[in-house]
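Student: Can you look at this prediction? I've put the sequence above it.
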Amino acid sequence: MFGDHRRSLILSQTAAFIGLIVVGSWVSIPFFPVPLTLQTLFVLLSGAVMKRYAVIPTGLYVLFGAMNLPVFHNGTAGIGILLGPTGGYMLGFIPAACIAGMAYEGSGRSRHAAGFILGTGTIYAIGMAWLSVSAGLSLVDAFIVGVIPFVPGDALKAYAAYFVAERYLSSEQGDI
């Protein structure tokens with residue numbers, strides 16, 4: 001890594017976003033069947049900042065939790081959490097970060113917003129499918145219980161991530 005600025009930057013951003021996702025997991029509002037946290041805000045933001053490399057911190061976050069490090073919501077950990085009703089949502093973080101990141105590799109605000117919308121939709125799709133399997137719910141019931149109540153909060157988090165990302169990109173380009 002000596003002299004390789006890009007690798008050093010990816011490493012430091014990876015550490016920062018793992019930390020932010022963990023902190024976001026502690027900001028938790030109890031909800032059934034999965035708690036409402038700020039993790040998705042930081043997952044989407046990692047995509048905007050790290051582009052396709054955002055799969056690294058999100059993948060490591062899931063791996064650390066599976067290895068019993070207390071990084072999941074409210075300090076929970078273990079493979080049992082991933083096999084429970086919240087597991088699909090957390091596994092959905094990985095492709096969601098990639099989708100958001102790939103959207104931010106191109107230019108255009110509508111493309112960036114679409115990346116966040118598709119990324120959030122990916123979290124919902126994987127989470128809803130796993131909720132259906134793990135809780136024995138039909139897909140319709142999983143949608144009603146595991147998606148609909150979270151849409152307003154996730155829309156607000158996606159907007160906040162978009163706003164922060166656009167400010168970050170404009171400051172990176174020297175527009176501020």
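Tutor: On my side now, so go ahead.

Student: Spatially central, which residue of this protein would that be?
Tutor: Centroid-nearest residue in the chain: residue 43, 2.8 Å away (criterion: C-alpha atoms, centre = their mean).

Student: any idea which helix or strand comes after the worst-scoring helix or strand of the chain on mean pLDDT?
Tutor: None of the helices or strands of the chain scores lower by mean pLDDT, DSSP states H and E than strand 28-29, at a mean of 78. Using DSSP states H and E, the next helix or strand after strand 28-29 towards the C-terminus is strand 36-37.

Student: mean confidence for the helix ranked longest in the chain?
Tutor: For the chain, the longest helix by residue count, based on DSSP state H, is helix 109-135. Average pLDDT, helix 109-135: 96.

Student: and that helix, what does it pack onto?
Tutor: Packing partners of helix 109-135 (3 or more C-beta pairs under 8 Å, 6 or more residues apart in numbering; DSSP states H and E): helix 39-50, helix 87-105, helix 139-146, helix 151-172. To be clear about C-beta, it is placed using only N, CA and C from the backbone, and glycine gets the same treatment.

Student: helix or strand right after the first one?
Tutor: For helix 39-50, the succeeding helix or strand toward the C-terminus, using DSSP H and E, is helix 55-66.

Student: can you list contacts of that following helix?
Tutor: 10, 13-18, 21-22, 43, 46, 50, 71-72, 76-79, 81-82, 90-91, 93-98, 101 (C-beta atoms under 8 Å, 6 or more residues apart in numbering).

Student: one step back: measure the residue nearest to the centre of the chain to residue 90 for me?
Tutor: 10 Å (C-beta to C-beta, to the nearest Å).

Student: do the same with residue 152
Tutor: Residue 152 is 21 Å from residue 90, by C-beta to C-beta.

Student: Poorly predicted segments of the chain, please.
Tutor: 1-2, 32-35, 174-176 (pLDDT under 70).

Student: rerun at 90
Tutor: Filtered on pLDDT under 90, the chain yields the residue ranges 1-5, 27-37, 73-74, 86, 106-107, 152-153, 168-176.
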